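1. 3D, please:
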Amino acid sequence: MRCFDHIDLRVRNLEEVRSFYEILLPAIGFTKDAKIDGWIQYERAADAGAEFFGVTESPNHIANECRIAFWAPSVVEVNRLAEVVRRAGGCSIEGPEFEVPGYYAVFFEDASGNRFEICHRE
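-> From the prediction side, this is the model:
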């Protein structure tokens, strides 16, 4: 059973974050580019109705303290994705490291200040 249908995220400037999301989203499993005008949108699978992560522009967007956390199946995968985040231009990167025993994560932001995390629980 799916736990969510989609994420609909706002950013100040779509072009400012485009390359970040075009690198990050496929690396975490959103592999199909939906190619929708005014959006960066990637879906989990090729079939209709798949989970998706969409990003669109809202010039007055102000990021808040909310965070979207993505699960990784291993510490090795968190490390790999942390490098993807760095190459993609992630901001305010912290980690990856053990936050508490058994909880390994990297924290980062996009250029609009939206907060993310990639984590693994042992």
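2. Strands of the protein, start to end?
-> Under the criterion DSSP state E, the chain contains strands at 6-11, 32-33, 39-43, 52-57, 67-71, 91-100, 103-109, 115-121.
3. What helices and strands are in contact with the shortest one?
-> Under the contact definition 3 or more Cβ pairs under 8 Å, 6 or more residues apart in numbering; DSSP states H and E, strand 32-33 sits against strand 39-43. From N, CA and C alone the C-beta is placed, and that goes for glycine too.
4. who touches the strand it packs on?
-> Outside strand 39-43, the residues that touch it by Cβ atoms under 8 Å, 6 or more residues apart in numbering are 14, 17-18, 21-22, 25-26, 30-35, 50-56.
5. Adjacent strands (with direction) for it?
-> strand 32-33 (antiparallel), strand 52-57 (antiparallel) (DSSP bridges).
6. Of these, which stretch is the most buried?
-> Of these, the one with the most neighbours on average (mean count of other Cβ atoms under 10 Å) is strand 52-57, at a mean of 20.
7. what distance separates that one from the centre of its chain?
-> The chain centroid and the centroid of strand 52-57 are separated by 10 Å under Cα atoms, centre = their mean, to the nearest Å.
8. List of residues touching it?
-> Contact with strand 52-57 is made by 5-14, 17, 21, 25, 30, 34, 36, 38-44, as judged by Cβ under 8 Å, 6+ apart.
9. Filter those residues down to the buried ones.
-> The neighbour count (16 or more other Cβ atoms under 10 Å) marks 9-12, 14, 17, 21, 25, 30, 40-44 as buried among the contacts of strand 52-57.
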